[in-house]
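*Asks:* Dropping a prediction and its sequence here:
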Amino acid sequence: MKTTRRYGKKADLALTMWVKLARAATTFGHMTGENIRSFGLTQPQFGALECLGHLGPMTIGELCRKHLVSGGNMTVVVDNLQKEGYVERIPSPTDRRSVLVQLTPKGRKLFESIFSEHARFITSLAGVLSEPEQKELSRLLKKLGTSLAKGAM
C-alpha cells in the first residue's frame, strides 16, 4: 500500500528513484564512514589522503574542488594531517605564490596500508551487485551527476 500522494506517473517514478538513491547513498556512506573511522581518521582526512596518494601533490584549492568542501574546512583538515606527520606543505616549483600539499613518507605508508583494506571493504559492500550491474550503475550515476553539474534539467 502506498502512503504517498500521487503526483503523476513521471513525478512518482522520479521521486521513487530519488528516495532509493538517497537511502542507498546514506547507508553506503554510513558504512564506509564507520570503516574510515576504524583507521582513526575522519572522512575528510581520509579523502585528502586518498587524493594525495592517488594524484600526488596539489594545492588546498585543488583538494577542495576534488571533495566539494570549503577552503577553510580543508585547511583545518590539512593542518590536522600535518600535525600527525602525514602531510607537508611545500613551495610550488612552478608558481612561487602557491603551496602544495603532499604526503610525507609516514603519510604514504599510512595510505598504502589502509587504502587496500578500504578497497576490499568497498568491494564487499558492492558485491551485492554483479560486475555488469556495478558498471551500469556507475554509468547511470555519472550521467546523472554530470548532467546535474551542467545544470541540464
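*Replies:* Now that the structure is in, tell me what you want to look at. Numbers count the residues shown, from 1 in each chain.
*Asks:* What lies in contact with stretch 115-130?
*Replies:* 28, 31, 32, 35, 36, 39, 46, 49, 50, 53, 134, 137 (Cβ atoms under 8 Å, 6 or more residues apart in numbering). Using the backbone N, CA and C atoms, a C-beta is placed for each residue, glycine as well.
*Asks:* What residues of the lengthiest helix in the chain count as buried?
*Replies:* As assigned by DSSP state H, the longest helix anywhere in the chain is helix 9-37. By 16 or more other Cβ atoms under 10 Å, the buried positions in helix 9-37 come out as 32, 35, 36.
*Asks:* any idea of the pLDDT on residue 151?
*Replies:* For residue 151, the model assigns a pLDDT of 78.
*Asks:* okay, the buried residues of helix 9-37 in CSV with pLDDT and distance to residue 116 next?
*Replies:* Formatted as CSV, the buried residues of helix 9-37 follow (pLDDT from 0 to 100; distance: Cβ to Cβ, whole Å):
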residue, pLDDT, distance to residue 116
32, 95, 15
35, 96, 12
36, 95, 14
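*Asks:* Just name the closest of those residues to residue 62, please.
*Replies:* Nearest to residue 62 among those: residue 36, at 21.2 Å, using Cβ to Cβ.
*Asks:* tell me which element the residue nearest to that closest one when sequence neighbours are not counted is part of?
*Replies:* What sits nearest to residue 36 in space, not counting adjacent residues and going by Cβ to Cβ, 6 or more residues apart in numbering, is residue 46, at 4.5 Å. According to DSSP states H and E, residue 46 maps onto helix 43-55.
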